[in-house]
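Any chance you could fold what I've pasted below:
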Amino acid sequence: MKVRGKLTSSLMGSAGIYVFSQIINASIPFLLLPIITRYLTPEEFGIYSMFKVVAGLVFSFIGIGINGAITKVYYEKQKKELAKYIANSFFLVTLNSILMFLLFSILPGFFSSVTIIPEQWLWSVILVSYGKVLFQVTLVIWQVQNKPFKYATFQIVQTALNFGMNLWFVIALGLNWQGAVLAETIAFFGFGFIGLIILQVNGWLNFRINKQDINHIIKFGAPLIPHVIGMYIITASDRFLITNLIGVRETGIYAVGYQIGMIIMIIQDSFNKAWVPWLFSNLKAGSLDLKSKIVKFTYVYYIVILLMALGLSAISPLIIKIFIGPGYEAAGQFVVWLAIGYAFNGMYKMVTNYIFYVEKTYYLAYVTFLTAILNLVISYILIKLAGAVGAAQATAISYFISFLLTWYISNKVYPMPWSVVYRRASK
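Numbers count the residues shown, from 1 in each chain. Modelled structure (predicted):
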């Protein structure tokens, strides 16, 4: 009963705050959607969507998995040592950003043609990605300290600023998609810099080069680069393929359906933010009874998140009719597949945490690489057969495959009593 009380109080209390903050945080861009879709054509919204996709991919590379590394070592290092570790991670992030900037500078035409982002706006991708890394490290520190109120406030204020600048640049100044990109660049880079100041003032940065820390960050994060990029291929290849096989207008319509489907991602990701610190701190106990309770709770979570996805799919036509501008009505066909896909992704996160805990992240690279290749093949075939909706179907299939493979591997590297429900039922 003591364990159960701890689960329902500390975990659910933090999860409730994270979910609430994420809902508020997500509601701001969602409220922006009916406005921006009335001022941007599907083609313009498609370009803005591609910018966000590319920025996310670049973020995955330059971030080198430092959020996961910091979360893991937080429970193993004293604050002074952790401050050096975080500072050295920023050194690597800065170096990666410079390398990416040089790559964009050498091949601007190639990247512009593939992404549909004009060459003169490629610089904004680097600034958004770099700022987002600094911003999220600040959030991670508050997350592992179990300070959800600070986490929520910082995140919501940043998104509110982004929202306000979007309204000003797109509507008042008439800057179209360029205004939306400029707003996001200023918001993330600006708050990334503010986050850096917060970490420095609170003693979380000690700028001394430490080879051991750098080696650990690379050892932990390097295997995650193909993993994260692979996951992003699963997430973003749909819009790349739609843009190049059908057209950027269809990408804009698809992006609206995608953003509605992301409501499920917001819910499951919010819960995972509270779940990870609780899980890591309790796995050390090694109690079989505790592990059994974790497994049972995980199964309940699977059912709930799938029901949420189906519920969102049922009301999505009404959401689009009321909130979205004219010309985007076809977005509803994508929601059901994308919502279910994000439910599978939430189930994946529940089992991948065990792989992070034992620091065998190279397994994730294998799984993600295989899944990413399958996703590209399945997406291409289904888009050719069914049009843009085939991309959404491929996303759901890929997330399901990733979940099953990761579940199998996680039980190999950190066995959990997954058959406990079956054993209890047979008795």
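
And the lowest mean pLDDT element among the helices and strands of the protein?
Confidence across the helices and strands of the chain bottoms out at helix 2-6, with a mean of 48, counting by mean pLDDT, DSSP states H and E.

Check whether Ala365 really touches Ile355, as I assumed.
No: between Ala365 and Ile355 there is no contact under CB atoms under 8 Å: 10.6 Å. The C-beta positions use only the backbone N, C-alpha and C, and glycine is treated the same way.

Which one of those two is surrounded by more residues?
Ile355 (21 against 18; other CB atoms under 10 Å).

Helix or strand: which one has the more buried one?
Using DSSP states H and E, the element containing Ile355 is helix 332-357.

what do you get for Phe369?
Per DSSP H and E: Phe369 is located in helix 362-386.

residues of that helix that come out buried?
Within helix 362-386, the residues that count as buried by 16 or more other CB atoms under 10 Å are 363-365, 367-368, 371-372, 374-376, 378-380, 382-383.

Could you tell me the angle between that helix and helix 332-357?
170 degrees (axes from the mean of the first three to the mean of the last three CA atoms, to 10 degrees).

What helices and strands are in contact with helix 362-386?
Judged by 3 or more CB pairs under 8 Å, 6 or more residues apart in numbering; DSSP states H and E, helix 362-386 is in contact with helix 224-245, helix 332-357, helix 389-413.

For it, give me every contacting residue.
Identification of contacts with helix 362-386 by CB atoms under 8 Å, 6 or more residues apart in numbering yields 223-231, 233-234, 237-238, 241-242, 245-246, 352, 355, 390-391, 393-395, 397-398, 401-402, 405-406, 409, 413.

Let me see the mean pLDDT of it.
Helix 362-386 shows a mean pLDDT of 88.

Pull the distance from it to the chain's centre.
What separates the centre of helix 362-386 from the centre of its chain is 18 Å, taken as CA atoms, centre = their mean, to the nearest Å.

swap in stretch 308-321?
For stretch 308-321, the distance to the chain centre is 22 Å (CA atoms, centre = their mean).

cool, and stretch 61-76?
On CA atoms, centre = their mean, the centre of stretch 61-76 falls 15 Å from the chain's centre.

Would you mark the buried spots in that stretch?
61-74.

Also stretch 180-190?
Within stretch 180-190, the residues that qualify as buried by neighbour count (16+ other CB under 10 Å) are Ala180, Val181, Leu182, Ala183, Glu184, Thr185, Ile186, Ala187, Phe188, Phe189, Gly190.

Name the next helix or strand following the helix or strand where the third one lies along the chain.
Read it as Leu182. Using DSSP H and E, Leu182 sits within helix 176-201. As assigned by DSSP H and E, the chain's next helix or strand after helix 176-201 is helix 211-221.

For that next one, buried residues please.
Residues Asp213, His216, Ile217, Phe220, Gly221 are the ones in helix 211-221 that count as buried (16+ other CB under 10 Å).

Gly65 against Phe220, yeah?
Yes: assessed by CB under 8 Å, Gly65 is found in contact with Phe220 at 6.3 Å.

Mind listing the shared neighbours of those two?
Common neighbours of Gly65 and Phe220 (criterion: CB under 8 Å, 6+ apart): Thr361.

before we move on, back to that, need the buried ones from the contacts of helix 362-386 selected in PyMOL.
Here is the PyMOL command that selects the buried residues among the contacts of helix 362-386 (16+ other CB under 10 Å):
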select buried, resi 223+224+225+226+227+228+229+230+231+233+234+237+238+241+242+245+352+355+390+391+393+394+395+397+398+401+402+405+406+409
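
who's in contact with Met350?
By CB under 8 Å, 6+ apart, the residues touching Met350 are Asn272, Trp275, Thr298, Tyr301, Tyr302.
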